[in-house]
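> The following block contains a protein sequence and its predicted model.
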Amino acid sequence: MSLEFYIKTIQETESTNLLMLDWKKKRLLKSGVVLRAINQTGGIGQRGNFWESERGKNLTFSLYLETSFISATDIFQLNKLISLSVYDYLLNKKIVDVKIKWPNDIYIANKKVAGMLTHNSLLGDKLEYSIIGLGLNMNQLIFQSDAPNPISLKKITAVNYDLEKELKSLLQFVKVRFEQITNGKQNKLNTDYLGCLYGFGEKRQFKDEFGEFNGTIKGVDSYGRLLIEKDTKKLFTYDVKSIAFL
């Protein structure tokens, strides 16, 4: 199954995800529509955190995909698809030390360069459609928020990027990963994801409802829950709201 993109750029909106949801209600969408905002005033990251983006400096956009070929039990495949697409895009630019931090952040040398927020709609046992919002720090040099570790490509490379051109480039990597899923190559997607997962196979410190502990990331299940083996050798599953990296 091939994927074509239809890019719509607007000057400003509170959230491209929220605007795209409104378009969906009005039946104004088809698979592959990309809504990019020059200025996003109320971008939201994972756990409801504010996503800071200076006007006209970064890529802030949402992608609408019709995904009835994905089972509800494999819903996290879409997160893997987009995360790996950003990872591929960065590697193609010769950026080193790129990792995917569960569930859907992209890090360069322990600093956050991109984040994703998805809205999924289920129909029966299938994923009917998904709206994927993505923020990728490109040309911003100064970050005003109290976010602990933001980074941009320009801070790394000293290059000023043409955002329209870079969006089209990034979407080509999305297209390649999308076709892996539709062509039955989910195993490669899974293997690649674990291969660049932040902290995979390493003993690290975490915090859950019972307190701090040491554990080793063993993988991610099909629902997107993190699998951590504690020192007791027992395997535990965590969703995004029940575990924190320390």
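Everything's here; your move.

> give me every residue that touches L59.
By Cβ atoms under 8 Å, 6 or more residues apart in numbering, the residues touching L59 are 36, 134-136, 138, 163, 166-167, 170. In short, each C-beta sits where N, CA and C put it, glycine included.

> so where's the chain shaky on pLDDT?
Along the chain, the parts satisfying pLDDT under 70 run over 43-51, 146-148.

> tell me the domain boundaries of it?
6-195, 203-245 (automatic domain parsing).

> what's the most buried one of these?
Most buried of the domains of the chain, by mean neighbour count (mean count of other Cβ atoms under 10 Å): domain 6-195, with a mean of 17.

> And that one, end to end?
31 Å (Cα to Cα, to the nearest Å).

> what's the answer for stretch 144-151, then?
12 Å.

> so where do the strands sit in this structure?
In the chain, the segments counted as strands under DSSP state E are 6-13, 33-40, 59-66, 98-101, 105-108, 111-123, 126-136, 203-208, 211-220, 226-230, 235-238, 244-245.

> Any chance of the ones you listed in TSV with distance to Q77 as columns?
Converted to TSV, the strands of the chain look like this (distance: least, Cβ to Cβ, whole Å):
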stretch	distance to Q77
strand 6-13	23
strand 33-40	20
strand 59-66	11
strand 98-101	14
strand 105-108	17
strand 111-123	11
strand 126-136	9
strand 203-208	25
strand 211-220	11
strand 226-230	16
strand 235-238	17
strand 244-245	23
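
> Return the residues in contact with T118.
Here T118 is in contact with 78-79, 82, 104, 130-133 (Cβ under 8 Å, 6+ apart).

> Please apply the same query to S31.
Contacts for S31 (Cβ under 8 Å, 6+ apart) come out as 3, 64-66, 129.

> Let me know the closest of the residues you listed to N92.
Among the contacts of S31, L3 lies closest to N92 (Cβ to Cβ), at 18.5 Å.

> coming back round to it: name the nearest of the contacts of L59 relative to I108.
Nearest to I108 among the contacts of L59: L136, at 11.2 Å, using Cβ to Cβ.

> What's opposite that closest one in the beta bridge?
Note on L136: beta-bridge partners L59, A114, judged by DSSP bridges.

> Adding distance to A114 as columns, could you present the contacts of T118 in CSV?
Converted to CSV, those look like this (distance: Cβ to Cβ, whole Å):
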residue, distance to A114
L78, 16
N79, 13
I82, 10
N104, 9
S130, 17
I131, 17
I132, 12
G133, 11
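
> Which two of the residues you listed have the greatest separation?
N104 and I131 (13.6 Å).

> who touches the nearest residue to V240 once chain neighbours are set aside in this structure?
Leaving aside its sequence neighbours, V240 sits nearest to P103 (Cβ to Cβ, 6 or more residues apart in numbering; 5.2 Å). Neighbour list for P103: 46, 76, 79, 220, 224, 226, 240 [criterion: Cβ under 8 Å, 6+ apart].

> how about CSV for these, with distance to K234 added?
As requested, those are exported to CSV (distance: Cβ to Cβ, whole Å):
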residue, distance to K234
Q46, 26
F76, 22
N79, 26
V220, 17
G224, 21
L226, 14
V240, 21
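
> Among those residues, which lie within helices?
Secondary structure defined by DSSP state H assigns N79 of these to helices.

> Would you tell me which one of the contacts of P103 comes nearest to T60?
Q46 (15.1 Å).

> ok, now how distant is S130 from A72?
Counting by Cβ to Cβ, to the nearest Å, the gap between S130 and A72 amounts to 12 Å.
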